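S.K.: Predicted coordinates and the sequence they were generated for:
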Amino acid sequence: MKRIEAVNDFVIKFANVNGSGSASANELFAKAILRMGVPVSPRNIFPSNIQGLPTWYEVRVCERGWLGRRGGIDMMVAMNPQTWAQDVAEIEPGGYLFYDSTRPLPESAFRQDIHVIGMPVTEICNAAYEDPRQRTLFKNIMVLGALSVLLEVDPAVIEKLFSEQYKGKERLLESNVRALHAGRSFVSEHLDAPIGLRVRRADAVGDRIFMEGNAAAALGCVYGGATVCAWYPITPSSSVAEAFQSYCKKFRHDPETGKARYAIVQAEDEIASVGIITGAGWNGARSFTATSGPGVSLMTEFIGLAYFAEIPFVIIDVQRGGPSTGMPTRTQQADLLSSAYASHGDTKHVMLLPQDPTECFEHAAVALDLAERLQTPVFVMTDLDIGMNQRLCAPLQWDESRGFDRGKVLSAEQLDAGFDFGRYKDVDGDGIPWRTLPGTHPTKGSYFTRGTTRDAYARYSEAGHDYLYNVQRLLQKFDTAANIVPAPIVKSAGKRTRFGVIYFGSTSPAMDEALEALSDAGVLVDAMRLRAFPFPKSVLEFIAAHEQVFVVEQNRDAQMRTLLVNELEIDPARLVPILHYDGTPITARYITRAIGEHVGAPVDAHEKEIVK
Amino acid sequence: MTYIAKPRLHHPTLQRNAVGYTRRDYEGKISTLCAGCGHDSISAAIIQAVWELDVQPHRVAKLSGIGCSSKTPDYFLGASHGFNTVHGRMPSVLTGANLANRELLYLGISGDGDSASIGLGQFAHAMRRGVRMVYIVENNGVYGLTKGQFSATADRGSRSKKGAVNNDSPVDLVGMAMQLGATYVGRGFSGDKAQLVPLIKGAINHGGAAFIDVISPCVAFNNHEGSTRSYDHVRAHNEAVSRIDFIDLAREVIAEPAPGEVIELPQADGSMMRLRKLHADHDPTDRRAAMNHMQAMAAEGEIATGLLYVDPDASDLHAALETIDAPLNTLDESLLCPGASALDRINAALR
């Protein structure tokens, strides 16, 4: 029988039951490999459920550093009887199945073309522990111990992780170490080890950090100076607000009084959340909310008000599968159109498109600057794949000399000096007017903010010329935005080519890998990673320089392609959509095959794509 | 006659308050509401209350939703920033504004359509959170701007101008406010300025969420026979349960009131608010008793007015969140950004 042999290049998947304490053991597994200098990219695959339903944790181990989902499973750790059949079916021929052999299974439950490794985990645990809770928890650690022998993961690294995790809790530390070694002993004594998949120490991680995008975005809001956060719980964004709370507890209390330099309100719904940040933004506090597609739908009326009345705030949209309730625990990039043009009437909004946690941090902080500079709502369009999975990414950096850009806010002194204040008047030629904050000056600078039309001095007016002046200025402001948002990043194929590819956000790691596979196959493609909407001129130039440009995105309707066609007036025939939208993260194999087929040079995608 | 602008010139002998402003300094644009509209009387009462309390106009932020009532912030306190938000959502915007700068006085102006229909949720949750504000509902039981549909506060059985009978039971905003945690709840009548001005002043000085329901007849669509929000009906059924007097302790010798009749409430500015009970069985500091009393009066067809409930020890959302004393919108990088070395430590813990 074929046996998959691979060092530092395989995919292992854990099939668990939600709420069984498997998550922390799984994370330890991934971190131990990272500590051995080998990059990993884990992904949580979980249902919309609290306890009892199946969850999976898929870890790609890849010394080359490809962090996208690969597709295909080399080893399955099948700990959930409920999903047994589908888990077993998913293993690549020649792959490995690790399972709890406490209860005997009929031969028909297995496959002939895979290697089966049974260990009576429950039996060993029941013999070692009395307490049912301990039995469940240490079962996971025992499996970790077993895997460390099978895959040659250094136990000293795992013990080091334990000692960091249970610092000061010596008893817990000791029982974890004991469980780890119980698992190791069983494998050493009873099973063939190592198997064909192995981890070998390397030096491919560098100074990178391992972090979830939601936590990074929250930290970006702390560094970017957000003081008001209002939110309503919704998967997959809730952990943004929760992380903001915990970072604020650490960094934002007055050392003398202990009082908070922030305010967080869990509102009654998304409408109130966006209303609260509208009020705060109007009154000069940096404010944000975190939500997902259904939340943005509810917020649209306020987003239109903030666009028209020119009020800064930031919305972090952690996208999930839509429409409607859709796939709440699956990933997509399908809120682009509904965010870019949110609300009735002619509206357009700034969107930033982070590719990983590092950029979630940077873009969240930049979004707070841009919102105040441009006096408008700014979206940070992340997604579940980035937001709720730990990702290996560049360390976070902060330039100490960088100040907050508070935009055009008039002080009492400026007003006294005779500044001709017209709230909606363009005095600088960039479409951005000046504003005043309530309470600034006893007699100058007050105005009435409204969603109705007004003249340049904020006086109610339905006169056509006043309306036109205002909405055309807003267009000009949008042009200004295109020049100050994060610029796209181009990766040249090195030689002249008629093909280009445009991508953004969580597609990045899969795209990087696909570009190399294509290049290896002799298919040259220039790549442009978009980082924001509106599009700067360089996007138009990139498209103009290529006969055909693939637009890779994770939605059904080619929403980014629509934005490109719509905003840059591109001939749609030149933009070829490559779309992946089954709720799983896009893979390099998928992109490679799609582009390969299109250019008529089928690229060997190695193995079959497994889409569940 | 709303289209004739008032002259901006002030008479030199106009009385000034302690911060140097005349009452005219608290006026706004000329109202565009119908002549005789109760809402204009409420605007006048607000002007009077803010002037009498020596609040500088620019230290007030006035926010509203959508509707006739929500247009009124343009007609008073012209030197204050105002925000006419979206329908039914003033409470959330006011909450955010208040969080950004706790030092301003927040006036939330709404109507019965704005607060009892589309905005009922936000009304309720702002009360629950104890946002420090003066929340005034200008309640006429009817949609004026869209020409006469019933609102959710219209009494069951009341008759529209076109003769339709309202079959739905009314939303009792005062009862809800008390139940949900508002700590200052009053009801006034736009036709009784003598009662309304002290009610607003008490609300301004209050340390938590203050709600005032002001019955404000709509002369265009709800002032006819058969309406329970007409001037005639409200005058006939208005029953004041309390009366507020303000006393400057620094200047006046306090006359000892008859026990049991007067409740004294010290104010943040050092003055004393005296609440004179007009009903022997009404205790405005006992939430449950006050709610029962309101219910009993409503069952009799009486409209209880005055200060209905007050918690003298109220606190607000900032106290609950333990935010710092300085307004959040004044904090700079040095107080908000943890800096590069903290980030290095965070990075180190993520490896």
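M.R.: Noted; the coordinates are in hand. Residues are numbered from 1 along each chain as shown, chains lettered A, B, ... in the order given.
S.K.: what about the strands in the stretch 451-600 of chain A?
M.R.: Applying DSSP state E, counting those that start in this stretch to the stretch 451-600 of chain A gives strands spanning A:489-491, A:499-504, A:526-530, A:532-533, A:548-553, A:575-579.
S.K.: which residues touch the first one?
M.R.: Contacts to strand A:489-491, defined as CB atoms under 8 Å, 6 or more residues apart in numbering or on different chains, come from residues A:515, A:526-529, A:531, A:538, A:542. In this view, the C-beta of every residue, glycine as well, is placed from N, C-alpha and C.
S.K.: And stretch A:457-476, by the same measure?
M.R.: Against stretch A:457-476 from outside (CB under 8 Å, 6+ apart): A:307-308, A:346, A:422-426, A:430-431, A:433, A:447-450, A:452-456, B:74.
S.K.: just the helices in chain B please.
M.R.: For chain B, the helices defined by DSSP state H cover B:38-52, B:68-71, B:90-100, B:112-116, B:120-129, B:173-180, B:193-205, B:231-237, B:287-299, B:317-321, B:333-336, B:340-349.
S.K.: Run through the neighbouring helices and strands of the fourth one.
M.R.: In other words, helix B:112-116. strand B:133-139, helix B:173-180 (3 or more CB pairs under 8 Å, 6 or more residues apart in numbering or on different chains; DSSP states H and E).
S.K.: Quick check: residues of the stretch 401-550 of chain A near chain B?
M.R.: Neighbours of chain B within the stretch 401-550 of chain A, by CB under 8 Å from any CB of the partner chain: A:403-404, A:436-443, A:446-452, A:460.
S.K.: List only buried entries from these.
M.R.: With burial judged by 16 or more other CB atoms under 10 Å in any protein chain shown, the buried subset of these is A:404, A:436-442, A:446-451, A:460.
S.K.: ok, A:Ala23 - contacts?
M.R.: A:16, A:44, A:57.
S.K.: Next, find the distance separating it from A:Phe14.
M.R.: 10 Å (CB to CB, to the nearest Å).
S.K.: do A:Glu174 as well
M.R.: 25 Å.
S.K.: quick one: low-confidence ranges for the chain?
M.R.: Assuming you mean chain A. A:602-612 (pLDDT under 70).
S.K.: Please refer instead to chain B.
M.R.: B:1-10, B:247-261, B:268-269.
S.K.: follow-up on the earlier one: nearest to A:Glu268, of the helices of chain B?
M.R.: helix B:120-129 (4.4 Å; CB to CB).
S.K.: Show residues contacting that closest one.
M.R.: Contacts for helix B:120-129 (CB under 8 Å, 6+ apart): A:265, A:267-269, A:271-272, A:275, B:88-92, B:94-95, B:108, B:110, B:115-116, B:133, B:135, B:152, B:171, B:173, B:176-177, B:180-182, B:209, B:211, B:317, B:320.
S.K.: Next, A:Val187: secondary structure please.
M.R.: helix (DSSP: H, G, I helix; E, B strand; the rest coil).
S.K.: That one reaches A:Glu152, doesn't it?
M.R.: No - using CB atoms under 8 Å, A:Val187 is not in contact with A:Glu152, being 11.1 Å away.
S.K.: Once you drop chain neighbours, what's closest to the residue lying farthest from the centre of chain B?
M.R.: No residue in chain B sits farther from the centre than B:Arg351, which is 54.0 Å out by CA atoms, centre = their mean. The shortest distance from B:Arg351 to any residue other than its chain neighbours is 5.8 Å, reached at A:Ile209 (CB to CB, 6 or more residues apart in numbering or on different chains).
S.K.: shared neighbours, A:Ala23 and A:Phe14?
M.R.: Common contact partners of A:Ala23 and A:Phe14 (CB under 8 Å, 6+ apart): A:Tyr57.
S.K.: ok so, going back, so who does the residue farthest from the centre of chain B touch?
M.R.: A:34, A:207-210.
S.K.: Columns neighbour count and secondary structure on top of the contacts of A:Ala23, output as JSON lines?
M.R.: Shown next, in JSON lines, are these (neighbours: other CB atoms under 10 Å in any protein chain shown; DSSP: H, G, I helix; E, B strand; the rest coil):
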{"residue": "A:Asn16", "neighbour count": "24", "secondary structure": "strand"}
{"residue": "A:Asn44", "neighbour count": "19", "secondary structure": "strand"}
{"residue": "A:Tyr57", "neighbour count": "23", "secondary structure": "strand"}
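S.K.: of those residues, closest to B:Thr228?
M.R.: A:Asn44 (58.6 Å).
S.K.: Tell me who's in contact with that closest one.
M.R.: A:23, A:55-57, A:388-389.
S.K.: Let's see which of those residues end up in helices.
M.R.: Reading helices off those with DSSP H, I get A:Ala23.
S.K.: Could I get the contacts of A:Asn44 in JSON lines, plus columns for distance to B:Ile215?
M.R.: JSON lines is the format used below for those (distance: CB to CB, whole Å):
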{"residue": "A:Ala23", "distance to B:Ile215": "58"}
{"residue": "A:Thr55", "distance to B:Ile215": "57"}
{"residue": "A:Trp56", "distance to B:Ile215": "61"}
{"residue": "A:Tyr57", "distance to B:Ile215": "62"}
{"residue": "A:Met388", "distance to B:Ile215": "52"}
{"residue": "A:Asn389", "distance to B:Ile215": "57"}
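S.K.: of the contacts of A:Asn44, closest to A:Thr136?
M.R.: Distance to A:Thr136 across the contacts of A:Asn44 (CB to CB) is lowest for A:Ala23, with 12.5 Å.
S.K.: If you drop the residues flanking it in sequence, what lies closest to the residue of the stretch 351-500 of chain A found nearest chain B?
M.R.: With CB to the nearest CB as the measure, A:Pro438 is the residue of the stretch 351-500 of chain A nearest to chain B, at 3.6 Å. Leaving aside its chain neighbours, A:Pro438 sits nearest to B:His81 (3.6 Å; criterion: CB to CB, 6+ apart).
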